[in-house]
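J.: structure here, sequence nowhere to be found:
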């Protein structure tokens, strides 16, 4: 399973509708409103990194009133043996 966190900037006063649209995406596991430089913090999980990438570039970034995204890819855990 691949995981990424996406920081989303949206047009002012459209944060809730953007978050509502984001939450409709299958690979999105969580989305929360934030204060500061970014408006929405999103957790994306998919089987492959390509699916994560497609979710961000072909779905989240295409939502009306999304200005920009910043993606934080999670490094897979290493075996402790």
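T.: Looks like it arrived, so ask away. Not measured: the values here are computed from a predicted model.
J.: would you map the strands across this protein?
T.: Ranges of strands within the chain are 2-10, 28-33, 40-46, 66-73, based on DSSP state E.
J.: quick one: closest of those to residue 16.
T.: Between residue 16 and the strands of the chain, the shortest gap by Cβ to Cβ is with strand 28-33, which sits at 7.5 Å. Just so you know, the C-beta spots here come from the backbone N, C-alpha and C atoms, and that holds for glycine as well.
J.: okay, now residue 44: neighbour count?
T.: 27 (other Cβ atoms under 10 Å).
J.: how about it, what does it touch?
T.: 3-6, 27-29, 52, 55-56, 60 (Cβ atoms under 8 Å, 6 or more residues apart in numbering).
J.: would you turn the strands of the chain into JSON lines with distance to residue 17?
T.: JSON lines is the format used below for the strands of the chain (distance: least, Cβ to Cβ, whole Å):
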{"stretch": "strand 2-10", "distance to residue 17": "8"}
{"stretch": "strand 28-33", "distance to residue 17": "12"}
{"stretch": "strand 40-46", "distance to residue 17": "11"}
{"stretch": "strand 66-73", "distance to residue 17": "11"}
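J.: could those strands go into a markdown table alongside mean pLDDT?
T.: Below are these laid out as a markdown table (pLDDT from 0 to 100):
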| stretch | mean pLDDT |
| --- | --- |
| strand 2-10 | 98 |
| strand 28-33 | 98 |
| strand 40-46 | 98 |
| strand 66-73 | 98 |
